[in-house]
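Novice: My questions concern the predicted model and sequence given below.
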Amino acid sequence: MRRTKDESVTQGSSNVFADLGLDQPAEVLAKARIVETIADLLARQDLSQQDAGKLVRLTQPQISRLMRGDTREFSYERLMRVLTALGQDVEITIRQTRNPRKRGSVLVRG
(Lines give C-alpha, C1' and ligand atoms only; values in the text may rest on other atoms or scores of the structure.)
Protein backbone atom coordinates (compact mmCIF):
# COMPACT_ATOMS: atom_id res chain seq x y z
CA MET A 1 0.00 0.00 0.00
CA ARG A 2 1.39 3.36 -1.00
CA ARG A 3 1.05 6.44 1.13
CA THR A 4 -0.08 9.71 -0.28
CA LYS A 5 1.77 12.88 0.60
CA ASP A 6 -0.97 14.13 2.92
CA GLU A 7 -0.88 11.02 5.13
CA SER A 8 1.11 11.22 8.34
CA VAL A 9 2.19 8.71 10.92
CA THR A 10 2.07 9.47 14.61
CA GLN A 11 4.26 7.51 16.97
CA GLY A 12 2.21 6.02 19.79
CA SER A 13 3.15 5.69 23.41
CA SER A 14 3.86 2.38 25.10
CA ASN A 15 0.19 2.26 26.14
CA VAL A 16 -2.32 1.94 23.31
CA PHE A 17 -5.16 2.55 25.79
CA ALA A 18 -3.71 5.97 26.64
CA ASP A 19 -3.32 6.69 22.92
CA LEU A 20 -7.02 5.89 22.48
CA GLY A 21 -7.94 8.27 25.29
CA LEU A 22 -9.47 5.68 27.61
CA ASP A 23 -10.00 6.44 31.29
CA GLN A 24 -7.35 4.93 33.59
CA PRO A 25 -5.20 3.58 30.75
CA ALA A 26 -2.49 2.14 33.05
CA GLU A 27 -5.06 0.01 34.84
CA VAL A 28 -6.64 -1.12 31.56
CA LEU A 29 -3.21 -2.10 30.23
CA ALA A 30 -2.38 -3.97 33.45
CA LYS A 31 -5.59 -6.00 33.20
CA ALA A 32 -4.93 -6.68 29.52
CA ARG A 33 -1.48 -8.06 30.35
CA ILE A 34 -2.93 -10.26 33.09
CA VAL A 35 -5.58 -11.58 30.70
CA GLU A 36 -2.90 -12.23 28.07
CA THR A 37 -1.01 -14.34 30.62
CA ILE A 38 -4.18 -16.24 31.55
CA ALA A 39 -4.97 -16.89 27.88
CA ASP A 40 -1.42 -18.18 27.29
CA LEU A 41 -1.65 -20.49 30.29
CA LEU A 42 -5.00 -21.89 29.19
CA ALA A 43 -3.76 -22.38 25.62
CA ARG A 44 -0.74 -24.34 26.87
CA GLN A 45 -3.05 -26.67 28.75
CA ASP A 46 -5.22 -27.12 25.64
CA LEU A 47 -8.44 -26.98 27.66
CA SER A 48 -11.94 -26.32 26.39
CA GLN A 49 -13.55 -23.19 27.79
CA GLN A 50 -15.86 -25.42 29.82
CA ASP A 51 -12.95 -27.35 31.37
CA ALA A 52 -10.95 -24.16 31.90
CA GLY A 53 -13.92 -22.65 33.70
CA LYS A 54 -14.15 -25.62 36.05
CA LEU A 55 -10.44 -25.37 36.78
CA VAL A 56 -10.53 -21.67 37.66
CA ARG A 57 -14.10 -21.54 39.05
CA LEU A 58 -15.63 -19.47 36.28
CA THR A 59 -18.47 -20.26 33.90
CA GLN A 60 -17.82 -20.97 30.23
CA PRO A 61 -19.40 -17.62 29.24
CA GLN A 62 -17.10 -15.82 31.71
CA ILE A 63 -14.07 -17.59 30.21
CA SER A 64 -15.27 -16.60 26.75
CA ARG A 65 -15.64 -12.93 27.73
CA LEU A 66 -12.24 -12.96 29.40
CA MET A 67 -10.58 -14.49 26.31
CA ARG A 68 -12.12 -11.70 24.22
CA GLY A 69 -10.54 -9.13 26.55
CA ASP A 70 -13.77 -8.09 28.26
CA THR A 71 -12.60 -7.49 31.84
CA ARG A 72 -15.49 -5.34 33.07
CA GLU A 73 -16.70 -7.95 35.55
CA PHE A 74 -13.20 -8.93 36.69
CA SER A 75 -11.45 -7.12 39.52
CA TYR A 76 -7.70 -7.40 39.97
CA GLU A 77 -8.38 -9.72 42.91
CA ARG A 78 -10.51 -12.01 40.80
CA LEU A 79 -7.89 -12.13 38.05
CA MET A 80 -5.24 -12.96 40.67
CA ARG A 81 -7.40 -15.87 41.86
CA VAL A 82 -7.56 -17.17 38.28
CA LEU A 83 -3.77 -16.98 38.02
CA THR A 84 -3.25 -18.85 41.29
CA ALA A 85 -5.79 -21.50 40.21
CA LEU A 86 -3.59 -21.97 37.14
CA GLY A 87 -0.58 -22.67 39.36
CA GLN A 88 0.99 -19.23 39.21
CA ASP A 89 2.52 -17.29 42.08
CA VAL A 90 1.47 -13.65 42.11
CA GLU A 91 3.81 -11.10 43.63
CA ILE A 92 2.77 -7.50 44.21
CA THR A 93 5.45 -4.89 44.80
CA ILE A 94 4.67 -1.42 46.09
CA ARG A 95 7.31 1.28 45.85
CA GLN A 96 7.46 5.04 45.84
CA THR A 97 7.14 6.61 42.43
CA ARG A 98 10.38 7.74 40.80
CA ASN A 99 8.92 11.16 40.10
CA PRO A 100 7.38 12.57 43.32
CA ARG A 101 5.51 15.26 41.34
CA LYS A 102 3.48 12.65 39.45
CA ARG A 103 0.92 10.10 40.56
CA GLY A 104 2.08 6.52 40.81
CA SER A 105 1.32 3.91 38.17
CA VAL A 106 0.39 0.27 37.85
CA LEU A 107 2.86 -2.04 36.10
CA VAL A 108 2.27 -5.71 35.38
CA ARG A 109 5.08 -7.97 34.24
CA GLY A 110 4.42 -11.50 33.16
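Specialist: Done, it's in.

Novice: which residue is nearest the centroid of this structure?
Specialist: Central residue of the chain (C-alpha atoms, centre = their mean): residue 32, 1.5 Å from the mean position.

Novice: Identify the residue spatially nearest to that one, adjacent ones excluded.
Specialist: Leaving out its chain neighbours, the residue that sits closest to residue 32 by C-beta to C-beta, 6 or more residues apart in numbering is residue 69, at 6.6 Å. The C-beta positions use only the backbone N, C-alpha and C, and glycine is treated the same way.

Novice: Give the burial count for the one you found, as a bare number.
Specialist: Using other C-beta atoms under 10 Å, residue 69 has 12 neighbouring residues.

Novice: Quick check: it touching residue 33?
Specialist: No: between residue 69 and residue 33 there is no contact under C-beta atoms under 8 Å: 11.1 Å.

Novice: related to what we said a few turns ago, helix or strand right after the host helix or strand of the residue nearest to the centre of the chain?
Specialist: Mapping residue 32 onto the secondary structure by DSSP states H and E places it in helix 25-45. Using DSSP H and E, the helix or strand that follows helix 25-45 in sequence is helix 49-56.
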